[in-house]
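Student: Structure for the following, please:
(chains A and B)
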Amino acid sequence: MAIAPEKRASPIYEGSRIPQPTPSVLRVPEELRRSDDILEVNFGPNHPSTHGVLRLVVELDGERVVGLRAVIGYLHTGFEKSMESKTWWKAIPYAPRMDYLAFQANELAFVLAIEKLLGIEVPPKATWMRMLLTELNRVHSHLVWLGTSALELGAISPFWYTFRERDRVLDLFEMVAGTRMHTRYFQVGGLAEDIPRGFFDECRKFCEAMPAAVDQYEQLLTQNEIWLQRTKGVGLLSAEDAIALGQSGPVLRGSGVDWDLRRTQPYLAYDQVEFDVPVYYNGDVWDRYKVHMDEMRESTRIASQALEGMPGGAWIADDRKVVLPPREELHTSMETLIHHFKLVTEGFRVPEGEVYLAIESPRGEFGCYLCSDGGPKPWRVRFRAPSFVALQATATLMTDALVADMIAAVGSLDTVMGECDR
Amino acid sequence: MSLASVPGLVEQNEAEHGETTLVVDPARLVEACRYLRDEEGFNFLSDISSVDYLGWGEEPVAGYWGGASGRDLNRPGTWGLSRRPAPKPKRFSVNYHLLSVRSGAREAPRVRVQVWMDDGEDVLSVVEIWPTADWLEREVWDMMGIRFLGHPDLSRILMDDDWEGFPLRKDYPIGGEPVRFSGEE
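Tutor: Numbering: from 1, shown residues only, chains lettered A, B, ... in the order given. Reported below is the predicted structural model:
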């Protein structure tokens, strides 16, 4: 069920605003170009409010944005190419490093896609723990989005509060995996290690404190006059345009489309927990902000339920051809030693085939396309990065907009450039 | 799913991992995509992914990552295959992952449209059907060197504008960027 605010009666705007013929480029009308009043400004690639190395070539007529083109690729590091030369096992740490906020979601998509090719059964404890951690990761990602977006619009206080909670999430990750970011805790077949003692208590404390913390952020922003003026009616995107431009996640839900992959194609154990999908209908920055706020509450709710429903038992599948054997057996069993050696040096084989697997990452549909020739290395790895797709909508969002609103509009797309450029 | 009336359909494969793959005649790709969007409701283009099958299934060397000449990461090839993978019709495949987005839906129908081509053969652009194909097609051109006919602005997107070669091709080496040393000349 969706959290239902008043459904908007009139459309956000008439028809489509997607520029023609190039959907990602806003072109200056020819008569305006001839008027000689157009100023071309490079916004970025290094600008404090572009969420990374993004360059926007903006053409201005006074304060009005009349032309816009996004230039990306500054952070391209060839993740997909590099992963082709690693074994499946050793390619896993690459996936989370594309994105410093939604690292576990990326890791999960890659691991789930390998498991789909392998057809391996994952124990329920691992499935529930994965769900718990990816929801905490969603809270983490949204917190950083909220803090930095508000900071860019001049509100410095929310930043300190959101980073306070972010630190608590990172503490939980550190407890589980030993590292605060890029945890590499998901392993093909389950988890890399058992859940440490004391984690559930700490996590429960966090889940109890989080709703009150979200209330605090809302107290700072939701009725803040400046925040309202900077976000309401800014960066408009209609539902039809959002779908045509491939937008997903909070951007799509802020445009009035009730769509969440956790509900439409339940993976992990999302069909066994209760949660609502926040939907807002005005398609502006404010609605995207509200979606993010509600999602933090819903994720905390899912995390609490995951804590209650966490099954016991094994944390990784017992498949000696794919999963590292238990450490204690190494000293006594020759077979175990051989399996361990083969897995570490050569890696496991993944049956020939191709899969596309998508999950709902904090930024929307994060897809992983894998192609295997039956060997120990991936033939092709491809990620569908929601940030990459989201930035295409910049030109549509900035139709008839002022240059000052660009920060709010681009920020509301919640893009991470590392993931965008891969 | 009954998709037998898709224009230009060559082959429909539903066996693998519960995913439907429609292999389509490249000449009728736009027609097929328009049919899938308008008649079958696939209004959302998730992704365009391309694969280079150069060296697919060649020279398996059991148990080692490399050939007789030693360890070689940059040579296209397969390592220790227990059996040769099924041959592919052409060198490149381009895959369109389609999704049907309906507000409030409880299911997410997906389909993969696949076209095959050799080096130098072009594909038709689908930007007019799904505007999101704009950057996705540019990335395929940038990384794989597959041209899209009818794309409004087919230029490099992730690499520099004057970059030579297509990094994700199998004959493009890893770490192959030339480095100049001062005492070289």
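
Student: from here on, contacts and neighbour counts on C-alpha atoms
Tutor: Will do.

Student: Pretty sure A:V410 sits against A:T394.
Tutor: Yes - counting by CA atoms under 8 Å, A:V410 does reach A:T394; the two are 6.5 Å apart.

Student: in the chain, what spans have low per-residue confidence?
Tutor: Looking at chain A here, since you left the chain open. A:1-11, A:48-50 (pLDDT under 70).

Student: other chain: chain B
Tutor: B:1-2, B:15, B:58-83, B:175-185.

Student: Name the residue of it that lies nearest to chain A.
Tutor: Proximity of chain B to chain A (CA to the nearest CA) peaks at B:L158, 3.8 Å away.

Student: any idea how far A:C420 is from the nearest residue to that residue once chain neighbours are set aside?
Tutor: In space, and not counting its chain neighbours, B:L158 is closest to A:G73: 3.8 Å by CA to CA, 6 or more residues apart in numbering or on different chains. Going from A:G73 to A:C420 by CA to CA, to the nearest Å gives 8 Å.

Student: Return the backbone torsion pair for the residue most central in space within chain B.
Tutor: Of all residues in chain B, the one closest to the mean position by CA atoms, centre = their mean is B:S50, 1.2 Å from it. Recorded main-chain torsions at B:S50 are phi -120, psi 150, according to degrees, to the nearest 10.

Student: Which secondary structure element is home to the closest residue in space to it that isn't next to it in sequence?
Tutor: In space, and not counting its chain neighbours, B:S50 is closest to B:V94: 4.3 Å by CA to CA, 6+ apart. Using DSSP states H and E, B:V94 sits within strand B:92-99.

Student: A:Y217 too?
Tutor: Using DSSP H and E, A:Y217 sits within helix A:199-221.

Student: how about the strands of the stretch 151-300 of chain A, start to end?
Tutor: Using DSSP state E, counting those that start in this stretch, the strands found in the stretch 151-300 of chain A span residues A:186-187, A:190-191, A:277-278.

Student: again with the stretch 1-150 of chain A
Tutor: Secondary structure of the stretch 1-150 of chain A (DSSP E, counting those that start in this stretch): strands located at A:2-3, A:25-26, A:39-43, A:55-61, A:64-71.

Student: re earlier: and for the residue of chain B closest to chain A, the neighbour number?
Tutor: Burial measure for B:L158: 22 neighbouring residues, criterion other CA atoms under 10 Å in any protein chain shown.

Student: quick one: contacts of the longest helix along chain B?
Tutor: Counting residues, the longest helix found in chain B (DSSP state H) is helix B:133-144. With CA atoms under 8 Å, 6 or more residues apart in numbering or on different chains as the test, helix B:133-144 has contacts from A:22-24, A:389, A:392, B:45, B:47-50, B:52, B:125-127, B:146-148, B:151, B:154-159, B:166-169.

Student: Sheet partners, orientation included, of the next helix or strand after it?
Tutor: Using DSSP H and E, the helix or strand that follows helix B:133-144 towards the C-terminus is strand B:148-149. Its sheet considered, strand B:148-149 pairs with strand B:123-124 (parallel) by DSSP bridges.

Student: ok now the partner strand, how far from the chain's centre?
Tutor: Centroid separation for strand B:123-124 versus its chain: 12 Å, with CA atoms, centre = their mean, to the nearest Å.

Student: Tell me which other helices or strands the longest helix belonging to chain A touches.
Tutor: In chain A, with assignment by DSSP H, the single longest helix is helix A:124-152. With contacts taken as 3 or more CA pairs under 8 Å, 6 or more residues apart in numbering or on different chains; DSSP states H and E, helix A:124-152 sits against helix A:103-118, helix A:157-177, strand A:190-191, helix A:285-309, helix A:405-412.

Student: In terms of secondary structure, what does the fourth one contact?
Tutor: To tie it back to what came earlier, the one meant is helix A:285-309. Helices and strands touching helix A:285-309, by 3+ CA pairs under 8 Å, 6+ apart, are helix A:124-152, helix A:199-221, helix A:225-231, helix A:250-254, strand A:277-278, helix A:405-412.

Student: hang on, the earlier thing: report the contact partners of the residue nearest to B:L158.
Tutor: A:G73 neighbours (CA under 8 Å, 6+ apart): A:421, B:157-160.

Student: residues in contact with the helix holding A:Y217?
Tutor: Counting by CA under 8 Å, 6+ apart, A:157-158, A:161-162, A:165, A:168-169, A:172, A:175-176, A:227-228, A:293, A:296-297, A:300-301, A:303-304, A:307 sit against helix A:199-221.

Student: same thing but at 6 Å, please
Tutor: For helix A:199-221, the external contacting residues (CA atoms under 6 Å, 6 or more residues apart in numbering or on different chains) are A:T300.

Student: Quick check: buried residues in it?
Tutor: Buried residues in helix A:199-221, defined by neighbour count with 16 or more other CA atoms under 10 Å in any protein chain shown: A:200, A:203-204, A:206-207, A:210, A:213-214, A:217, A:221.

Student: coming back round to it: could you double-check that the residue nearest to B:S50 lies in contact with B:D47?
Tutor: No - the pair B:V94 / B:D47 is not scored as a contact, 10.3 Å apart, by CA atoms under 6 Å.

Student: Which one's more surrounded, those two?
Tutor: Neighbour count, other CA under 10 Å: between B:V94 and B:D47, B:D47 has more, with 28 against 22.

Student: Name every strand pairing with the helix or strand containing that one and say which way it goes.
Tutor: Per DSSP H and E, B:D47 falls inside strand B:44-52. Sheet pairing for strand B:44-52, assigned by DSSP bridges, gives strand B:92-99 (antiparallel).

Student: after the partner strand, next one along is what?
Tutor: Where DSSP H and E defines the elements, the next helix or strand beyond strand B:92-99 is strand B:110-117.

Student: So what touches that following strand?
Tutor: Defining contact as CA under 6 Å, 6+ apart, one finds that strand B:110-117 is touched by B:20-24, B:26, B:90, B:92-99.

Student: again, but for stretch A:302-314
Tutor: Residues contacting stretch A:302-314 (CA under 6 Å, 6+ apart): A:125, A:132.

Student: Restricting to C-alpha, output that stretch in CSV.
Tutor: C-alpha atoms of stretch A:302-314 as CSV (Å, rounded to 0.1, in the frame of the first residue of the first chain):
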residue,chain,number,x,y,z
ILE,A,302,12.1,-3.1,7.6
ALA,A,303,15.3,-3.3,9.6
SER,A,304,13.4,-3.7,12.9
GLN,A,305,11.3,-6.5,11.4
ALA,A,306,14.4,-8.2,10.0
LEU,A,307,15.9,-8.1,13.5
GLU,A,308,12.8,-9.8,14.9
GLY,A,309,12.4,-12.3,12.1
MET,A,310,16.1,-13.2,11.7
PRO,A,311,16.3,-17.0,11.4
GLY,A,312,19.1,-19.0,12.9
GLY,A,313,21.3,-21.6,11.2
ALA,A,314,24.0,-21.5,8.7
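
Student: Great, nothing more from me.
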